[in-house]
Structures are given as structure tokens and as C-alpha cells.
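1. this is the structure alone, sequence omitted:
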């Protein structure tokens, strides 16, 4: 029997395997919506909320600084907003998440209310903007401009 769940947003079946690139799957690879199942950390599955979580943007995981004092670039993360309790959370992208849906999240922050943007910022989450597009594409598709650089 295949492990998985049915997305409560788009109704797609979401397969859960060890090959998806993350140990804890709670987002749909097609629409990127999630369910509020974790309370304090990824995989704890202790949330009593269980509300739907809308993908509202992208951010990079903070990794601190390198030995020269420069900020190190972390992996691409999805920003989710719970429609029930209004908590914001970050989720790792899984290997089978739809790249076009991930790229579409660049447009989403422009459509968010100022109140939600301020709440995200207050929690220390920096939503990515158009100037981050090249790094996002590099993380999703690999370096795409090698020929142009040579």
C-alpha cells in the first residue's frame, strides 16, 4: 500500500516516499498548500489546529555568516500562512514540488495585504523579491547562465 494523503485544497493524491528530499511531508507538490500539523518543529505532528496553510511566498533559510563575515545563502523555503490560527511557518521544498508553482510564489507577496506583510516581517521572515529570481532559478534548475558567462 502506498503511503500518502489527499490534498485538502486541490484534492490531488500526495505520495510520501523517502525520495522526496524531506523527511516530513505536509504540503501538496501540485498546489503547494499545506496542513497545519506541526506545532513546535517540523515532524512533531502535535498541532491541534489542523487548518489549511496557504503558500504565500518564498524565503531563504538563514545560515549565518561565512569566515569572511558574508551572509551564507541557505536553501529555498516555502512560507505558509494558516487560515485558521494565522501562524506563519517555513517548509522545505520537496524534490517533487512543482517548479512552476514555486516560481509563481514570486507574484504572491505583491497581492498580500499590508497587514500580512508586516506580520511576516515582524516574525523575521524576509519574503523574496524579483532581485532574488536568479538564485531561486539556480536552486530549482541548476546554474542556467553558464554559456552567457563564458
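-> Yep, it's here. Because the structure is a prediction, the values reported are computed rather than measured.

2. check what pLDDT residue 116 gets.
-> At residue 116 the predicted local distance difference test score is 92.

3. make 142 the starting number, not 1.
-> Yep, numbering from 142; the last one is residue 257 now.

4. quick check: it is in a strand.
-> No. With DSSP: H, G, I helix; E, B strand; the rest coil as the criterion, residue 257 is located in helix rather than a strand.

5. now for it, how many residues are close by?
-> Per other Cβ atoms under 10 Å, the neighbour tally for residue 257 reads 16. In short, each C-beta sits where N, CA and C put it, glycine included.

6. just residue 246 next, same as before
-> 20.

7. does residue 172 belong to a helix, a strand or coil?
-> When states are read from three-state DSSP, the local structure at residue 172 comes out as coil.

8. pLDDT score assigned to it?
-> Reported pLDDT at residue 172 in the predicted model: 96.

9. can you pull out the strands in the chain?
-> Counting by DSSP state E, one finds strands in the chain at the ranges 145-147, 154-156, 175-176, 193-201, 217-223, 229-233.

10. contact partners for residue 277?
-> Neighbouring residues of residue 277 by Cβ atoms under 8 Å, 6 or more residues apart in numbering: 199, 217, 243-244, 247, 269.

11. most surrounded residue in the residues you listed?
-> The most crowded member of these, judged by other Cβ under 10 Å, is residue 199 (25 neighbours).

12. for that one, name its beta-bridge partners.
-> According to DSSP bridges, residue 219 are recorded as the beta-bridge partners of residue 199.

13. ok, now which ones touch it?
-> Shown in contact with residue 199 (Cβ under 8 Å, 6+ apart): 217-220, 243, 246-247, 268-269, 273, 277.

14. return the member of these nearest to residue 171.
-> Set against residue 171, the nearest of the contacts of residue 199 by Cβ to Cβ is residue 243 (11.4 Å).

15. for residue 235, see how far away the closest one is.
-> Here residue 243 is placed at a distance of 10 Å from residue 235 (Cβ to Cβ, to the nearest Å).

16. rewinding a little: which among the contacts of residue 277 gets closest to residue 152?
-> Proximity of the contacts of residue 277 to residue 152 (Cβ to Cβ) peaks at residue 243, which lies at 20.1 Å.
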